[in-house]
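J.: structure here, sequence nowhere to be found:
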């Protein structure tokens, strides 16, 4: 996996975080690339065709590929995972940590959305072979179309308390997508409803996954919103910033979390 870290800033939230700055980042990562996407319209939760093309242009201009680590703002932009995996040119397994299945059919047309991007990968990416979603709410899973449910393997977060390597068995190289809303809200605050996974358990899973499988790339969403109501925004930003720093640390073979 590449040691390049790309940060796609749609909302301005990364202006308030420091995990990627030169004096804060791990020495393992040789390049941090901050990509300003705030000027692209039509991106919040749903991404129209014009916005997709603008994002692809920014990806091309900054030489971003699926390899490496990508921070993609709040969960409103989780559809970026579908765009980032377009450059994978080998059979791969997709592992998703998320409190939501993200398999809703589009509300209209064929639009790409944060709530339906997994279906887009299934339908449009010729290299994806198997998909594993960890931590999705069972009530939301039950509401999915039966045929769509069969295309994915779902796991409760409790599986990560076991020897998960005997249970979660990706068949190919892995692309990992993390939505921090899978983490309990008393540790990290996102702008969506959240699950019950502890952050230490998530980080241990990521570290082990990298040890036992070839990981092509990783993306991370779940920042709080800079104008989010009903929360202490500076504290929420601080918590997300610290988690992002710890995640980079657990992927650095020379650092201890």
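T.: All right, it came through fine. For clarity, every value in this text was computed on a predicted model and none was experimentally measured. Numbers count the residues shown, from 1 in each chain.

J.: tell me the helix or strand right after the lowest-mean-pLDDT helix or strand in the chain.
T.: Counting by mean pLDDT, DSSP states H and E, the chain has its least confident helix or strand at strand 31-36, which shows a mean of 92. Toward the C-terminus, strand 31-36 is succeeded by strand 46-47 as the next helix or strand (DSSP states H and E).

J.: for stretch 234-245, what is the average pLDDT?
T.: Summarised as a single mean, pLDDT over stretch 234-245 is 97.

J.: mind listing what's buried in it?
T.: Using 16 or more other CB atoms under 10 Å as the burial criterion, the residues of stretch 234-245 that qualify are 236-237, 239-245. Just so you know, the C-beta spots here come from the backbone N, C-alpha and C atoms, and that holds for glycine as well.

J.: save the residues you listed as JSON lines, and put in distance to residue 39 and secondary structure too.
T.: As requested, the buried residues of stretch 234-245 are exported to JSON lines (distance: CB to CB, whole Å; DSSP: H, G, I helix; E, B strand; the rest coil):
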{"residue": "236", "distance to residue 39": "25", "secondary structure": "helix"}
{"residue": "237", "distance to residue 39": "22", "secondary structure": "helix"}
{"residue": "239", "distance to residue 39": "28", "secondary structure": "helix"}
{"residue": "240", "distance to residue 39": "23", "secondary structure": "helix"}
{"residue": "241", "distance to residue 39": "24", "secondary structure": "helix"}
{"residue": "242", "distance to residue 39": "29", "secondary structure": "helix"}
{"residue": "243", "distance to residue 39": "27", "secondary structure": "helix"}
{"residue": "244", "distance to residue 39": "23", "secondary structure": "helix"}
{"residue": "245", "distance to residue 39": "27", "secondary structure": "helix"}
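
J.: all helices for the chain, in order.
T.: Listed in chain order, the helices of the chain (DSSP state H) span 49-61, 80-84, 117-124, 138-142, 146-149, 199-212, 233-251.

J.: show me the contact partners of the shortest one.
T.: The contact list for helix 146-149 (CB atoms under 8 Å, 6 or more residues apart in numbering) reads 103, 119, 141.

J.: for residue 108, which of the helices of the chain is the nearest?
T.: helix 49-61 (13.0 Å; CB to CB).

J.: name the surrounding residues that touch stretch 220-239.
T.: Stretch 220-239 has contacts (CB under 8 Å, 6+ apart) with 11-14, 16-17, 69-78, 80, 177-181, 183, 187-192, 240, 244, 247.

J.: now swap in stretch 124-131 and tell me
T.: 82, 85-86, 88-96, 118, 121-122, 151-153, 170-172.

J.: hmm, back to that, buried among the contacts of stretch 220-239? Need that as a selection in ChimeraX.
T.: Selection of buried members from those for ChimeraX, criterion 16+ other CB under 10 Å:
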select :11,13,14,16,17,69,70,71,72,73,74,75,76,77,78,80,177,178,179,180,181,183,187,188,189,190,191,192,240,244,247
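
J.: among the contacts of stretch 220-239, which are in strands?
T.: Within the contacts of stretch 220-239, residues falling in strands by DSSP state E are 69-71, 177-179.

J.: mind listing what's buried along stretch 84-92?
T.: 84-88, 92.

J.: turn these into a markdown table, including distance to residue 4 and pLDDT.
T.: Output for the buried residues of stretch 84-92, formatted as a markdown table (distance: CB to CB, whole Å; pLDDT from 0 to 100):
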| residue | distance to residue 4 | pLDDT |
| --- | --- | --- |
| 84 | 13 | 98 |
| 85 | 16 | 98 |
| 86 | 17 | 97 |
| 87 | 13 | 96 |
| 88 | 16 | 98 |
| 92 | 18 | 98 |
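
J.: among these, which one lies nearest to residue 53?
T.: residue 86 (12.3 Å).
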